[in-house]
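I would like the atomic coordinates for the input below:
(chains A, B, C and D)
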There are 2 protein chains.
Amino acid sequence: MGVRLEMRARNKKQRQQELSALIETEPFMTDEELAERFGVSVQTIRLDRLALGIPELRERIKKVAEHNYGKVRSLELSEVIGELLELDLNRLAISMLEIGPEHVFSRTRIARGHHLFAQANSLAVSVIDAEVVLTGMADVRFTRQVKLGERLISKAVVQDNREDRAHVNVTTKVGDDIVFEGQFVVFKNK
Amino acid sequence: MGVRLEMRARNKKQRQQELSALIETEPFMTDEELAERFGVSVQTIRLDRLALGIPELRERIKKVAEHNYGKVRSLELSEVIGELLELDLNRLAISMLEIGPEHVFSRTRIARGHHLFAQANSLAVSVIDAEVVLTGMADVRFTRQVKLGERLISKAVVQDNREDRAHVNVTTKVGDDIVFEGQFVVFKNK
DNA sequence: CTGTTTTTAGTACCTAGTGCTATTAGAAGT
DNA sequence: ACTTCTAATAGCACTAGGTACTAAAAACAG
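Below is the predicted model:
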């Protein structure tokens, strides 16, 4: 293997790496557009995709559609953020949330605080048995950074349950480490 | 117009209504599958779609994909939740967030607290000029319910900016009403 | 100049359609 | 019975954005 072959190979390799990255960030490009972008023929792009196992445009679009269809539902429309593991109304609730790429700062891979808050808050709200429950106040502490891939186990315990409001303490752990603590005051509208 | 003609027309009308509804809830069906479902020919389905202005499968998939793509990006991957209107580093920042259906409890159409928190938290973090900024503590109050369609204007003011941490006050309003107030303590990792 | 890799070109085929032009079935009006 | 209408069906040419395959050209190493 000589220098030029290595260089050619590197050109190909580099193009394929860039192609992967580009399609990841911008999945809605046809082979023709990609070919123009890289200054190669459409066939080369097809070969690259084949080599990299990247499906065709329509499959990519479909994937995004199906994926996000479920994701938006589970992230935004479900009653509890995360997966509800236990629920003893007016007493205690436990949920689990796995930190994925959508939860972290891309640069540091550390989870954004509001996702921990969201898990805790939605748990505090759902542990209370009433028609309408809304968060009134919250006092929260983020005691340790949470990284990509970690599993957050959140536990909400009802402290004081009055007619119109309740105090709920939530503690979130990763393994044995406490990463989040919060006191929530929630209001009930019967 | 006789009885039979009306009946035929009703059959057509009814089928078209059902078709609209079906495609709305299940947008990933081909004309062939739809034809089978309704016991008519593919051409009839095509005519129906034409009459109802329903685009073809691929366009429908694309729409879902693009829609959710932008949504997940703006909800989960952007640096600031909402739209950044002003940024004076280490002093003040303002953002706007319009409450859509993805932010509310479907039953009550009231915004979930963690979205207000997310807007405020991300603003408090982004107003600080440092390599890495993470939320350490937060003390928040939700002073008024926020309903679907309302626009939240969030204002973050830096109170105390030390070497390793800063105190940021955030106030969120809908029009002149204060709906959220929070004190955030953020930590800097230089 | 030869051998290898890389790239390009071209063909047949596929899906899920559009757009157009018949044709057929069934009922209504006369 | 004959015409007229609507609804439904059928067929054909064409499209985008591909797959899968074969063949040829280009680039480069030794």
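
Only C-alpha atoms from now on, for both contacts and neighbour counts.
Noted.

Show me how far stretch A:35-47 is from its chain's centre.
33 Å (C-alpha atoms, centre = their mean, to the nearest Å).

averaged over its residues, what pLDDT does it have?
For stretch A:35-47, mean pLDDT rounds to 96.

Give me the sheet partners of whichever strand or helix holds residue A:94 and which way each runs.
Secondary structure assigned from DSSP states H and E places residue A:94 in strand A:92-98. Next to strand A:92-98 in the sheet, as set by DSSP bridges, lie strand A:83-88 (antiparallel), strand A:151-161 (antiparallel).

Any chance of CSV for those, columns distance to residue A:38, mean pLDDT and mean neighbour count?
What follows is the strands paired with strand A:92-98, written out as CSV (distance: least, C-alpha to C-alpha, whole Å; pLDDT from 0 to 100; neighbours: other C-alpha atoms under 10 Å in any protein chain shown):
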stretch, distance to residue A:38, mean pLDDT, mean neighbour count
strand A:83-88, 43, 94, 15
strand A:151-161, 40, 97, 21
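
Tabulate these (CSV), appending distance to residue A:46.
Formatted as CSV, these follow (distance: least, C-alpha to C-alpha, whole Å):
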stretch, distance to residue A:46
strand A:83-88, 40
strand A:151-161, 39
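
Make a markdown table from those strands and add distance to DNA strand C to it.
Rendered in a markdown table, the data for those read as follows (distance: least, C-alpha to the nearest atom of the strand, whole Å):
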| stretch | distance to DNA strand C |
| --- | --- |
| strand A:83-88 | 34 |
| strand A:151-161 | 38 |
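
quick revisit: list the buried ones in the strand holding residue A:94?
Residues A:92, A:93, A:94, A:95, A:96, A:97 are the ones in strand A:92-98 that count as buried (16 or more other C-alpha atoms under 10 Å in any protein chain shown).

would you list those residues in JSON lines and tack on pLDDT?
Listed next are the buried residues of strand A:92-98 as JSON lines, based on pLDDT from 0 to 100:
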{"residue": "A:92", "pLDDT": "97"}
{"residue": "A:93", "pLDDT": "96"}
{"residue": "A:94", "pLDDT": "97"}
{"residue": "A:95", "pLDDT": "96"}
{"residue": "A:96", "pLDDT": "97"}
{"residue": "A:97", "pLDDT": "96"}
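
Longest strand in chain A, by number of residues?
strand A:177-189 (DSSP state E).

so, in contact with chain B or not, that one?
No - where contact is defined by C-alpha under 8 Å from any C-alpha of the partner chain, no part of strand A:177-189 touches chain B; the two come within 9.2 Å at best.

How about the residues of chain A by chain B?
Residues of chain A lying near chain B (C-alpha under 8 Å from any C-alpha): A:58, A:61-62, A:64-66, A:68-69, A:72, A:76-77, A:79, A:102-105, A:108, A:112-115, A:117-118, A:121-122, A:132, A:134-143.

Domain boundaries for chain A, per the record?
A:3-68, A:78-189 (automatic domain parsing).
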